[in-house]
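Participant: Make a model of this:
(2 chains)
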Amino acid sequence: MSAVFKRELRAYFKGALGFVFLAVLFFFTSYYYFSYNLMGGVSDFSRLFDMLFSIVLFMVPILTMRLLSEDKHAKTDQILLTAPINRWGIILGKYLAALCVYLLGISSTLIIAGITACFVQPDWPVFLGNLLGLILLGCALIAICMFLSGLTESQVIAALLGFTVSFFLFMMDALSDAFQSVVIQRFFYYLSFVKRYTPFTYGLLDLSNTVFFVSIAALFLFLSILTLQKRQAG
Amino acid sequence: MIKVQGLTKRYGDKTALLDVSFQIGPGEIVGLLGLNGAGKSTTMNILTGYLGFDKGSVVINGQDIQKKPLKAKAQIGYLPEQPAFYAGMQVREYLDFICDLKRIKPDKKARKDHLLRICKEVGLLEMQHRLIRNLSKGYRQRVSFAQALIGDPKVIILDEPTVGLDPSQVQEIRALIKRFGRDRTVLISSHILSEIKEMCSRVLVLRNGRLICDDTPENLAARTRQTQAVRLRVKGEEEAVLTALRNARGAQSARYLGVSEEGTVDVLFTVLQEQDARLIAFLALSKPGLPILHIDGAEATLEDIFLRLVGQEEGV
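Facilitator: Residues are numbered from 1 along each chain as shown, chains lettered A, B, ... in the order given. The predicted structure follows:
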């Protein structure tokens, strides 16, 4: 697993992808911090994290688009699958590499919290709740988009699939209102990322929401392993 | 050692391999032949653990690939048909990654020496710090070959190892394979019969997913040889030469090959079994006064052998 992890992590920063991802996240974090917290003179980070929720939804597909599709396209999956390494080792190595870049991307929020703390005491429980929510959102979303990347040989299609799913997750609440059926509404309610994420922005650590994001991540990691297994089954 | 027993693989309704069994011992270099779609790559993919299978068993150096896949895979060095790389990596970086992947020689000094030795053996010393994407096809093939040799695996599986190499590189790689094959188990797939003849002590022939032959290259050629054939360069007109040869006693066929010298024709002349094509050609052409300028033996090509084997199988 560590071999795959190291290679993937290096690959992010050998090309432009890792830098672009970090630059975009840093830019938006700084921009919202400047325009909301600094200009508005408030130390509440909820608005910033609220905005980051949508940014992350649309940036993660770019981060993960090449994870499995590249191997399928370049046939490097042959190298991985014929090496003495488990399928879960391959998947987990790639997943953790993407997660590391993601965590690096959202780490800028820690810097701005630190800067703010020099002048005024931030509401730490709210900040940490928000940060945890963003981390859990990333864990789930990276797993989903990595699974989607395993369905195709094309990085572009993988990214488009990721955007589509992200858009669906973003619009899920609005969609649930469009249905009359209570069953469907409840289905959307329970699967809504926005509803699961919102309590974190209030600084509330709800175990069920944590378990939800972790379960989604585990489910899609498992599905990614199954896509490799299916490829091996021919 | 590779031990394959009753191997069967199906893709939906299509049977890719049916009840294939063979065994390859240490120190043996065995060639795997077959027309496109015969099941060569499927066999190799199964042996390396890249593909699963429906029935049978594959044991690599005592490790069952289904029961202990990681231990079995650790015994194998594999060169895929299409060299697969992370093209953005440098050669050395890529080989280092393969070492990590195979969990080989974590000690830095030992690893460095190991990689240097492999790079030297496959002629990559000067290319170590080049990006793989910038290498020529021949060098990429060498990189692929180098990664197969990492960890000194006991079993080496090579799918078309000399494709894309220039003639001198081909000779180097063949010599390397022969050297490695002295104390290892090597399975090679190739379309080049001369390559198989030169390197392999045994040949496996697949046809429509079935193993139809497991023999030495010499026996295989002898089994399939039903005619004696020679290539002739004769001074004279095409029609006169072909007529004279076709009318000769014991002749089977005379086929026009082309003109490589002005006023001459090149002909492939075959005679019936146990006849000497050279003698019959001489007698047939001396009568009408058509001098033979050049004569050489025309060995059966891979295609000839396959066609013969397929014909035998179908009872033609």
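Participant: Spit out the contact partners of the residue of chain B found nearest chain A.
Facilitator: Chain A sits closest to residue B:100 of chain B, with a gap of 3.4 Å, by C-beta to the nearest C-beta. Every C-beta, even on glycine, is put in place using the N, C-alpha and C of the backbone. Listed by C-beta atoms under 8 Å, 6 or more residues apart in numbering or on different chains, the contact set of residue B:100 reads A:2-3, A:6-7.
Participant: Without its sequence neighbours, what residue ends up closest to residue A:179?
Facilitator: Nearest residue to residue A:179, sequence neighbours excluded (C-beta to C-beta, 6 or more residues apart in numbering or on different chains): residue A:185, at 5.7 Å.
Participant: Secondary structure element for that neighbour, which one?
Facilitator: Assessed by DSSP states H and E, residue A:185 sits inside helix A:182-191.
Participant: hang on, residue A:83 packs against residue B:99?
Facilitator: No - judged on C-beta atoms under 8 Å, residue A:83 makes no contact with residue B:99 at a distance of 10.6 Å.
Participant: ok, those two, which is more surrounded?
Facilitator: Remark: of residue A:83 and residue B:99, residue A:83 carries more neighbours, 25 against 20, as counted by other C-beta atoms under 10 Å in any protein chain shown.
Participant: That one belongs to a helix, doesn't it?
Facilitator: No - applying DSSP: H, G, I helix; E, B strand; the rest coil, one finds residue A:83 to be coil, outside a helix.
Participant: Show the pLDDT at the closest residue to it other than its chain neighbours.
Facilitator: Once flanking residues are discounted, residue A:83 sits nearest to residue B:101: 4.4 Å by C-beta to C-beta, 6+ apart. On pLDDT, residue B:101 comes in at 89.
Participant: Contacts only, for residue B:101.
Facilitator: Listed by C-beta under 8 Å, 6+ apart, the contact set of residue B:101 reads A:3-4, A:79-80, A:83-85.
Participant: So how do I select the buried members of those in PyMOL?
Facilitator: The PyMOL selection below is limited to those of the contacts of residue B:101 classed as buried (16 or more other C-beta atoms under 10 Å in any protein chain shown):
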select buried, chain A and resi 3+4+79+80+83+84+85
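Participant: worst-scoring helix or strand of chain A, pLDDT-wise?
Facilitator: helix A:182-191 (a mean of 80; mean pLDDT, DSSP states H and E).
Participant: and the residue nearest to residue B:20 when sequence neighbours are not counted, how many neighbours?
Facilitator: Nearest residue to residue B:20, sequence neighbours excluded (C-beta to C-beta, 6+ apart): residue B:7, at 4.3 Å. For residue B:7, the neighbour count with other C-beta under 10 Å is 25.
Participant: With residue A:226 instead?
Facilitator: Close neighbours of residue A:226, defined as other C-beta under 10 Å, add up to 15.
Participant: Could you say which helix or strand holds it?
Facilitator: Take DSSP H and E as the rule and residue A:226 turns out to sit in helix A:207-233.
Participant: so what secondary structure elements neighbour that helix?
Facilitator: helix A:77-81, helix A:87-106, helix A:124-149, helix A:193-201 (3 or more C-beta pairs under 8 Å, 6 or more residues apart in numbering or on different chains; DSSP states H and E).
Participant: and residue B:230, that one's in a helix?
Facilitator: No - membership of residue B:230 in a helix is not supported by three-state DSSP, which gives strand.
Participant: list the contacts for the closest residue to it other than its chain neighbours?
Facilitator: Distances taken as C-beta to C-beta, 6+ apart put residue B:277 closest to residue B:230, at 4.4 Å, once the chain neighbours are dropped. The contact partners of residue B:277, taken as C-beta under 8 Å, 6+ apart, are B:228-230, B:269-271.
Participant: picking that back up, quick one: distance of the helix holding residue A:226 to the chain centre.
Facilitator: Averaged C-alpha coordinates place helix A:207-233 at 14 Å from its chain's average position (C-alpha atoms, centre = their mean, to the nearest Å).
Participant: what angle separates that helix from helix A:124-149?
Facilitator: Using axes from the mean of the first three to the mean of the last three C-alpha atoms, to 10 degrees, the direction of helix A:207-233 lies 20 degrees away from that of helix A:124-149.
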